[in-house]
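[1] Attaching a predicted model along with its sequence, questions to come.
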Amino acid sequence: MTAKRKLRYGMVGGGQNAFIGAVHRLAANLDGQIELVAGAFSSDAKNSQTTGNQLFLNPRRVYGSYEAMARAEAALPPDERIDFVAIVTPNFLHAPVATTFLKAGFHVVCDKPMTLTLKEAKTLRDTVRKTGKVFALTHNYTGYPMVKEARELVRSGKLGRILKVVAEYPQGWLLDKIEAQGHKQAAWRSDPKKAGATCCLGDIGTHAENLGRYITGLEIESLCAEFTSFIPGRKLEDDANLLIRYHGGAKGVLHCSQISCGEENNLNIRVYGTKGSLAWHQEHPNELKFVAKNEPARILRRGNGYVSDAAKKFTRLPFGHPEAFIEAFANIYLEAVAAIRSNLAGKRGGKFDFPTVDDGVYGMAFLETAVKSAASNAKWTKFPKL
């Protein structure tokens, strides 16, 4: 079953005018390990068929609903059906689509946040464990080589004991109420029925939190959050500011915004320890700033011989040839595919470097704790036990 072949996958969501679906397809295709063979690209059957035609798929494997896709693919012979599904829908569909395909016997790659609620996330985690299938969550920023280098610096003790983490994610694209002008991506993100209880924090702030935890390994003890909807009539927040207390005594500051004029996608993180500090900016992803105590700053660059094996493993091009967003996404797929191949060979466990269902549960706990804190007029709120 694990013959030397490309893994076959199907996609739910990602039809015409969708942003992230196209990114997933580009990333999945990058290393020649995966082949898109099926899809239910939209709740609009015509849109789904049009998208399938544009991707040169067999029309019989372009479906009008994800339920029909799961049934039909499961009924195909093992050497024809998909190996896994990629879910790139709005948030409210993540859990039902993932559950349907897991129970039908398929592995899952899912966009974040994983579910609408923490309760849903825990239920989905139970399903993943019961089925024994691989579940990968596309917190794609953890796929950058220099983010992995940052984690190695922390793990090796180069920063000493971590004292403070500052994570920021400002954007400016929701400065106007474009959801009222028919902007599809803005419309669902600002709709509580489709996005959940949070807009800005759930859409981008969860990336900042995940990035901090991935690099430092720190777990949140409690947090204090303030949400603001600056644009009149917007039901969910477009700006969020958080103070964080970590287990062990470290402190954190996290802010995310989608009304910050002039900002594009300025995710960045700074980590300060007793022996040194580091800084990484997503808009300049091939560089990592490292400062050892009482020494001049060093700029570490992707592709050089001095970086860790962890960073080298996920580097495709020689130094001086920039790698960025698509490649980071592809690194998540690359590790998920390795895990799926191992699973198909009858092996369980193994060490693979991609966000899992447990990261998804943690992310939903983070969002629900922040929502609770913000609703209580920014009181310190304890992080739940998971």
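    Looks like it arrived, so ask away.

[2] Now do the most centrally placed residue in the chain against Asp191, distance only.
    Centroid-nearest residue in the chain: His139, 2.0 Å away (criterion: Cα atoms, centre = their mean). According to Cβ to Cβ, to the nearest Å, His139 and Asp191 sit 23 Å apart. For every residue, glycine as well, the C-beta is placed using N, CA and C.

[3] Same check on Glu120?
    Relative to Asp191, Glu120 is positioned 17 Å away (criterion: Cβ to Cβ).

[4] cool, Leu163 as well?
    Taking Cβ to Cβ, one finds Leu163 at 39 Å from Asp191.

[5] Equivalent analysis for Lys4, please.
    Using Cβ to Cβ, Lys4 is found at 45 Å from Asp191.

[6] Those two: which is more packed in?
    For Lys4 versus Asp191, neighbours defined as other Cβ atoms under 10 Å are more numerous around Asp191 (17 against 4).

[7] Compute the number of surrounding residues for the closest residue in space to that one that isn't next to it in sequence.
    Closest residue to Asp191 in three dimensions, ignoring its sequence neighbours and counting by Cβ to Cβ, 6 or more residues apart in numbering: Lys235, at 7.3 Å. Other residues near Lys235 come to 12 when the count uses other Cβ under 10 Å.

[8] Return the residues in contact with Lys235.
    When the contact criterion is Cβ atoms under 8 Å, 6 or more residues apart in numbering, the partners of Lys235 are 190-192, 229.

[9] what about it, which SS state?
    Secondary structure assignment for Lys235 (DSSP: H, G, I helix; E, B strand; the rest coil): coil.

[10] which parts of stretch 223-241 are buried?
    When burial is assessed from 16 or more other Cβ atoms under 10 Å, stretch 223-241 yields the following buried residues: 223-227, 229, 231, 234, 236-241.

[11] what kind of secondary structure is the residue sitting furthest away from the middle of the chain in?
    Ranking residues of the chain by C-alpha distance from their mean position (Cα atoms, centre = their mean) puts Asn294 at the top, at 35.9 Å. Classification of Asn294 using three-state DSSP returns coil.

[12] Same question for the one 10 residues further on.
    With three-state DSSP as the basis, Asn304 sits in coil.

[13] I figured it was touching Phe319, is that so?
    Yes. Applying Cβ atoms under 8 Å, one finds Asn304 in contact with Phe319, separated by 5.1 Å.

[14] So Asp44 is in contact with Gly15, correct?
    Yes. With contacts counted by Cβ under 8 Å, Asp44 reaches Gly15, the gap being 7.3 Å.

[15] Relative to Leu386, how far out is the closest residue to Ala370 other than its chain neighbours?
    Ranked by Cβ to Cβ, 6+ apart and with sequence neighbours excluded, the top spatial neighbour of Ala370 is Ala225, at 4.1 Å. The span separating Ala225 from Leu386 equals 19 Å under the rule Cβ to Cβ.

[16] what residue ranges in the stretch 51-200 of the chain are flagged as low confidence?
    Scanning the stretch 51-200 of the chain with the threshold set as pLDDT under 70 gives no residue ranges.

[17] out of the contacts of Lys235, which one sits closest to Thr51?
    Each of these was checked against Thr51 using Cβ to Cβ; the closest is Asp191, at 22.5 Å.

[18] And the strands in the stretch 51-200 of the chain?
    For the stretch 51-200 of the chain, the strands identified by DSSP state E, counting those that start in this stretch occupy 84-88, 107-110, 135-137, 162-170, in order along the chain.

[19] ok, and Glu35, which helix or strand is that part of?
    Under the assignment given by DSSP states H and E, the secondary-structure element containing Glu35 is strand 34-40.

[20] could you check the angle strand 84-88 makes with that strand?
    Between the axis of strand 34-40 and that of strand 84-88 there is an angle of 60 degrees, by axes from the mean of the first three to the mean of the last three Cα atoms, to 10 degrees.

[21] Who are the packing partners of strand 34-40?
    Contacts of strand 34-40 with other secondary structure elements, assessed using 3 or more Cβ pairs under 8 Å, 6 or more residues apart in numbering; DSSP states H and E, are made with strand 7-13, helix 20-29, helix 45-54, helix 66-75.

[22] do you know which of the ones you listed lies nearest Cys256?
    With Cβ to Cβ, the closest approach to Cys256 among those belongs to helix 20-29: 17.6 Å.

[23] Extract the C-alpha set from the closest one and format it as PDB.
    Below are the C-alpha coordinates for helix 20-29, written out as PDB (Å, rounded to 0.1, in the frame of the first residue of the first chain):
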ATOM      1  CA  ILE A  20      -5.900  29.900   1.000                       C
ATOM      2  CA  GLY A  21      -7.000  26.900  -1.100                       C
ATOM      3  CA  ALA A  22      -4.700  27.900  -3.900                       C
ATOM      4  CA  VAL A  23      -1.800  28.300  -1.500                       C
ATOM      5  CA  HIS A  24      -2.400  24.800  -0.200                       C
ATOM      6  CA  ARG A  25      -2.400  23.400  -3.700                       C
ATOM      7  CA  LEU A  26       0.800  25.100  -4.600                       C
ATOM      8  CA  ALA A  27       2.500  24.000  -1.400                       C
ATOM      9  CA  ALA A  28       1.300  20.400  -1.700                       C
ATOM     10  CA  ASN A  29       2.600  20.200  -5.300                       C
END
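
[24] and it, which residues are buried?
    Of the residues in helix 20-29, 20-21, 23-25, 27-29 count as buried by neighbour count, 16+ other Cβ under 10 Å.

[25] repeat for stretch 130-137
    By neighbour count, and taking 16+ other Cβ under 10 Å as the criterion, the buried residues in stretch 130-137 are 131, 133-137.

[26] Mind listing residues that contact it?
    Stretch 130-137 is touched from outside by 84, 98, 102-103, 105-112, 114, 128, 332-333, 335-336, 339-340, 343, 348, 354-357, 359-360, 363, with contacts defined as Cβ under 8 Å, 6+ apart.
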